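*Asks:* what follows is a protein structure lacking sequence information:
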């Protein structure tokens with residue numbers, strides 16, 4: 001099985017035959033191969049060895065890599081990009097502060113003009129667009145509700161929030177515009193995020209969701225986790241032939257990759273949020289793992305590594321799929337969601353977003 005490759009050090013990325021060659025640089029100045037210590041190559045290939053130990057790699061076989069994530073300053077050669085293209089490996093770049101910078105996707109050999117036309121057709125049909133968007137919101141809301149029920153069964157006082165979200169879910173079908181639908185979504189999220197302090201076992205500062213910039217450790221975790229989730233969805237959109245620039249809840253005018261934001265809404269509660277609850281409640285990540293710059297609070301490298309370990313574990317977790325009636329991983333479920341959407345777009349088959357059942 002292919003694994004994601006995470007690069008934290010400043011590096012030059014090259015190709016040598018069918019391997020990715022990672023060359024560490026000091027102070028952004030490249031050095032000759034003979035001057036490089038093997039231990040300076042700071043790349044973590046998740047799943048290859050015990051996750052508690054960072055895996056130091058100089059050469060990584062391309063056929064073993066699902067995607068590349070960079071968090072340091074990197075320089076790369078055209079041969080390296082050619083290797084990514086040959087093995088269909090996307091690359092996602094993040095800034096030092098964990099903000100998404102952009103992605104490289106190999107030459108498109110999967111994307112179908114038929115799918116793009118079907119996406120556009122449904123987008124310009126107000127009724128179809130609204131139907132798809134409602135399903136995204138229903139999935140996100142139901143999965144958020146499942147999280148609260150899970151922690152309610154374990155003693156958290158969440159009955160009021162559960163009742164309020166359940167009532168708001170009933171109003172989703174009453175929305176007749178994307179704007180009113182997003183208003184309902186905002187109300188649901190306000191109740192949901194407002195309940196988090198009852199779930200956390202650590203004493204944390206978190207009154208409301210703040211994005212730009214994230215002003216405390218929880219908002220920083222949410223922002224970083226959501227960026228990871230968007231990248232995962234972008235990978236699966238690419239691999240299934242959908243076009244990420246045509247969304248339904250988030251319109252193309254809102255951002256350049258709205259479909260990845262749409263699909264991520266469904267999975268953020270059951271993947272990103274679950275990881276956040278885990279790293280906080282098990283004291284895996286603490287406030288000392290963050291740094292502050294003005295109003296911005298961001299994760300240090302150690303915190304990013306910890307979060308990514310848990311995020312990858314969550315993506316590999318298998319559950320009994322409510323439709324397939326067999327165990328599949330969350331990564332597979334994200335891809336299946338894309339295929340379900342394609343079936344609706346091309347063949348008008350019924351589309352219902354994934355809902356986690358506890």
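*Replies:* That came in fine, so what should we check first? As the structure is a computational prediction, the values presented were derived from the model and not from experiment.
*Asks:* return the residues in contact with the most centrally placed residue in the chain.
*Replies:* The chain has residue 229 as the residue nearest its centroid, 0.6 Å off, counting by CA atoms, centre = their mean. Residue 229 is in contact with 264, 267, 268, 271, 272, counting by CB atoms under 8 Å, 6 or more residues apart in numbering. To be clear about C-beta, it is placed using only N, CA and C from the backbone, and glycine gets the same treatment.
*Asks:* try it again at 6 Å.
*Replies:* Counting by CB atoms under 6 Å, 6 or more residues apart in numbering, residue 229 touches 264, 268, 272.
*Asks:* list just the nearest of those to residue 214.
*Replies:* residue 272 (13.6 Å; CB to CB).
*Asks:* pretty sure that closest one is touching residue 225, no?
*Replies:* Yes. Judged on CB atoms under 6 Å, residue 272 makes contact with residue 225 at a distance of 3.8 Å.
*Asks:* need the overlap of contacts for those two.
*Replies:* By CB under 6 Å, 6+ apart, no residue touches both residue 272 and residue 225.
*Asks:* narrow the contacts of residue 229 to those that are buried.
*Replies:* 264, 268, 272 (16 or more other CB atoms under 10 Å).
*Asks:* now those residues as a markdown table including distance to residue 150 and pLDDT?
*Replies:* Conversion of these to a markdown table gives the following (distance: CB to CB, whole Å; pLDDT from 0 to 100):
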| residue | distance to residue 150 | pLDDT |
| --- | --- | --- |
| 264 | 20 | 97 |
| 268 | 15 | 97 |
| 272 | 15 | 97 |
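*Asks:* need the contact list for residue 163.
*Replies:* Per CB under 6 Å, 6+ apart, neighbours of residue 163: none.
*Asks:* what's around the closest residue to residue 338 other than its chain neighbours, how many residues?
*Replies:* Using CB to CB, 6 or more residues apart in numbering and skipping the chain neighbours, the partner closest in space to residue 338 is residue 240 (4.1 Å). If you count neighbours by other CB atoms under 10 Å, residue 240 ends up with 19.
*Asks:* where does residue 240 fall, phi/psi-wise?
*Replies:* phi -100, psi 0 (degrees, to the nearest 10).
*Asks:* check residue 318 too.
*Replies:* Residue torsions, per degrees, to the nearest 10, at residue 318 are phi -100, psi 140.
*Asks:* my guess is it contacts residue 331. True?
*Replies:* No. Applying CB under 6 Å, one finds residue 318 not in contact with residue 331, separated by 9.8 Å.
*Asks:* tell me which helix or strand of the protein sits lowest on mean pLDDT?
*Replies:* strand 43-45 (a mean of 47; mean pLDDT, DSSP states H and E).
*Asks:* after whichever strand or helix holds residue 224 comes which helix or strand?
*Replies:* Assigned by DSSP states H and E, residue 224 belongs to helix 217-240. Note on helix 217-240: by DSSP H and E, the next helix or strand toward the C-terminus is helix 258-267.
*Asks:* where exactly do the helices run in the stretch 251-358 of the chain?
*Replies:* Counting by DSSP state H, counting those that start in this stretch, the stretch 251-358 of the chain has helices at residues 258-267, 273-281, 301-316, 330-347.
*Asks:* and what of the stretch 101-250 of the chain?
*Replies:* 113-124, 126-153, 159-170, 178-194, 196-199, 217-240.
*Asks:* tell me which of the ones you listed is the most buried.
*Replies:* Mean neighbours per residue, mean count of other CB atoms under 10 Å, is largest over the helices of the stretch 101-250 of the chain for helix 217-240, with a mean of 23.
*Asks:* from the chain's centre, how far out does stretch 119-126 sit?
*Replies:* Chain-centre distance of stretch 119-126: 25 Å, with CA atoms, centre = their mean, to the nearest Å.
*Asks:* run through who's touching it.
*Replies:* Where contact means CB under 6 Å, 6+ apart, the residues beyond stretch 119-126 that reach it are 128, 129, 243, 246, 345.
*Asks:* output those as TSV; include the columns distance to residue 310.
*Replies:* Supplementary listing: the contacts of stretch 119-126 in TSV, determined by distance: CB to CB, whole Å:
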residue	distance to residue 310
128	37
129	35
243	31
246	32
345	34
